[in-house]
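J.: generate a structure from the sequence data that follows.
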Amino acid sequence: MPESGPSAATQTLQSRTLLAFIVGQIGLHGAMAGTRMAMPLQALREGYSAWTVGLLMALFAAAPVLLALPAGRLADRHGYHRPVRLAAALSGGGTLLALLATWLHGPLELVVLCVAACMSGGGANIGLIAIQRTAGRSAADSTMRMRIFSWLGLAPSLANLIGPVAAGLLIDWAGFSAAFGFMLLLPLASLGFARLVPHEAHPGQPAAARGGAAWDLWRTPGLQRLMLVNWLLSTCWDVHSFAVPILGHERGFSASTIGFVLGVFALAVSGVRLLIPMLAHRMNEVQVLRTAMLVTGVLFAAYPMLRSPWLMGACAVALGLALGSVQPMIMSTLHHLTPHDRHGEAIALRSMTINFSSSLMPLLFGVAGSAIGVGPLFWVVGAAVGAGNWVARPLDAQSLRT
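T.: Modelled structure (predicted):
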């Protein structure tokens, strides 16, 4: 009798595992996002300056940059469960410290909030690296890998909805203590669902433990090109988030209209990630990346010339479809390119690049926007990402090897 594909039991196990990955990331990222929203409000309520708020926000991003490589090595050495337990402990500890700070005052309160920001940001990133590494390795082929990363790509959107919205409602209804108390429950959900993830065979001693430096990965054929493509496309996200409110303000749009433009962009991102699993068998990762870069370059050229909020909304939808397709393709290609025993380190390098860029680029955008205006900023970045299409072309031969 011919084989008919995976058995019902295997499919159920895969579905449960994917659910565990998604809930695990929602729990850790949601706790971080909610805490990151509530902490600045608490600091402002206590009379701290805008500079202090900026410091707290920077610490959420600084910790992932510093902890990414050790987190990647930990995942390569121990698999999924130990890093996720550590991530939940750091995330839960950070929210617990934030809860403690609600009863403190003066310099001690600020110190506790700073430590809490580092722990919460670091915990979320350690969990993200472990989840993405294990999710990619659980796929049998590139088509399944694209599907898994598309579903997993919905987790940050849901986390950014659940965490801040819940925190905001609880702050208004019951105060900061209740908000941080709820955030403390989210990492526990990640721990609970982690039990659905099978324990992998001991992955063995990773290359880093045998004396290889993490930066040796840069010599992996195609990896430098992939990281450059990832950085260019990530910069487009940052430009859009930074520049659209300014463009809307210049055109006299209301806050709700600007929110509408950003909202339809987010909906388009989620929509394309729901669509990719159904079309993954027809997709080539590198072709999708190159198309996304060209489309983004064209849309960035048009964005500053649009005066109608409806046209800007339509452009935002198209941009969301293009940029929303990128992350599953980047992650699938990254797993193709890197050695099997160093997937965690490779994901860590990507995480460091994104977090460092997200911390630095808004400052550069502010300087550039003041010097040349927001419209030229769109054009410069759009030209760079469009021209960067040639960088991705040689990846086709590299990334599609099995």
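J.: other SSEs contacting the helix ranked longest in the chain?
T.: Criterion DSSP state H: the longest helix present in the chain is helix 8-45. On a contact count with 3 or more C-beta pairs under 8 Å, 6 or more residues apart in numbering; DSSP states H and E, helix 8-45 meets helix 50-78, helix 81-101, helix 107-137, helix 142-152, helix 154-174, helix 176-194. (Glycine included, C-beta is placed from N, CA and C.)
J.: distance to Thr17, mean pLDDT and mean neighbour count added to the ones you listed, as JSON lines?
T.: Listed next are these as JSON lines, based on distance: least, C-beta to C-beta, whole Å; pLDDT from 0 to 100; neighbours: other C-beta atoms under 10 Å:
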{"stretch": "helix 50-78", "distance to Thr17": "16", "mean pLDDT": "83", "mean neighbour count": "20"}
{"stretch": "helix 81-101", "distance to Thr17": "13", "mean pLDDT": "95", "mean neighbour count": "23"}
{"stretch": "helix 107-137", "distance to Thr17": "8", "mean pLDDT": "91", "mean neighbour count": "24"}
{"stretch": "helix 142-152", "distance to Thr17": "9", "mean pLDDT": "83", "mean neighbour count": "22"}
{"stretch": "helix 154-174", "distance to Thr17": "14", "mean pLDDT": "85", "mean neighbour count": "18"}
{"stretch": "helix 176-194", "distance to Thr17": "10", "mean pLDDT": "93", "mean neighbour count": "21"}
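J.: quick one, which of the ones you listed gets closest to Ile372.
T.: Nearest to Ile372 among those is helix 50-78 (23.8 Å), distances taken as C-beta to C-beta.
J.: from the chain's centre, how far out does the closest one sit?
T.: Relative to the centre of its chain, helix 50-78 is centred 13 Å away, using C-alpha atoms, centre = their mean, to the nearest Å.
J.: list the helices and strands that helix packs on?
T.: helix 8-45, helix 81-101, helix 107-137, helix 343-372.
J.: got these as a markdown table, with distance to Ser308 columns?
T.: Compiled in a markdown table, the helices and strands packed on helix 50-78 are given as follows (distance: least, C-beta to C-beta, whole Å):
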| stretch | distance to Ser308 |
| --- | --- |
| helix 8-45 | 31 |
| helix 81-101 | 42 |
| helix 107-137 | 38 |
| helix 343-372 | 22 |
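J.: of these, which is nearest Leu169?
T.: When the helices and strands packed on helix 50-78 are compared for distance to Leu169 using C-beta to C-beta, the nearest one is helix 8-45, at 10.4 Å.
J.: quick one: distance of that closest one to the chain centre.
T.: Between the centre of helix 8-45 and the centre of its chain there are 12 Å (C-alpha atoms, centre = their mean).
J.: so that helix versus helix 107-137, what angle?
T.: Angle, helix 8-45 to helix 107-137, by axes from the mean of the first three to the mean of the last three C-alpha atoms, to 10 degrees: 160 degrees.
J.: in helix 8-45, what's buried?
T.: For helix 8-45, a neighbour-count test (16 or more other C-beta atoms under 10 Å) marks 14, 17-18, 20-40, 42-43 as buried.
J.: give me the residues contacting stretch 222-231.
T.: Here stretch 222-231 makes contact (C-beta atoms under 8 Å, 6 or more residues apart in numbering) with 217-218, 289, 293, 330, 333-334, 337-338, 346, 349-350, 353-354, 357, 388, 391-392, 394-395, 398-399.
J.: sorry, back to before: okay, the angle between the longest helix of the chain and helix 81-101?
T.: Counting by the same axes, to 10 degrees, helix 8-45 lies at 30 degrees to helix 81-101.
J.: what average pLDDT does helix 8-45 get?
T.: Averaged across helix 8-45, pLDDT comes to 83.
J.: now it against helix 50-78, angle please.
T.: Using the same axes, to 10 degrees: helix 8-45 against helix 50-78 is 160 degrees.
J.: show me the contacts for Thr220.
T.: By C-beta under 8 Å, 6+ apart, the neighbours of Thr220 are Leu337, Thr338, Pro339, Ala346.
J.: run a quick neighbour tally on the first one.
T.: Translated: Leu337. 20 (other C-beta atoms under 10 Å).
J.: the one 10 residues further on too?
T.: Here the number of neighbours of Ile347 (other C-beta under 10 Å) works out to 26.
J.: check the gap between it and Leu334 for me.
T.: According to C-beta to C-beta, to the nearest Å, Ile347 stands 7 Å off from Leu334.
J.: please apply the same query to Trp310.
T.: Look at Trp310 and Leu334: by C-beta to C-beta, they are 37 Å apart.
J.: neighbour count winner among those two?
T.: A direct count of neighbours by other C-beta under 10 Å for Trp310 and Leu334 places Leu334 higher, at 26 against 11.
J.: which residue, other than its chain neighbours, is closest to that one?
T.: Of all residues not flanking Leu334 in the chain, Ala346 sits nearest, at 5.6 Å (C-beta to C-beta, 6 or more residues apart in numbering).
J.: show me the helices in the stretch 251-400 of the chain, by range?
T.: Taking DSSP state H, counting those that start in this stretch as the criterion, the stretch 251-400 of the chain carries its helices at 255-279, 285-302, 309-324, 326-337, 343-372, 374-387, 389-392, 395-399.
J.: make JSON lines from those helices and add distance to Pro198 to it.
T.: Listed next are the helices of the stretch 251-400 of the chain as JSON lines, based on distance: least, C-beta to C-beta, whole Å:
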{"stretch": "helix 255-279", "distance to Pro198": "21"}
{"stretch": "helix 285-302", "distance to Pro198": "26"}
{"stretch": "helix 309-324", "distance to Pro198": "30"}
{"stretch": "helix 326-337", "distance to Pro198": "18"}
{"stretch": "helix 343-372", "distance to Pro198": "17"}
{"stretch": "helix 374-387", "distance to Pro198": "39"}
{"stretch": "helix 389-392", "distance to Pro198": "34"}
{"stretch": "helix 395-399", "distance to Pro198": "27"}
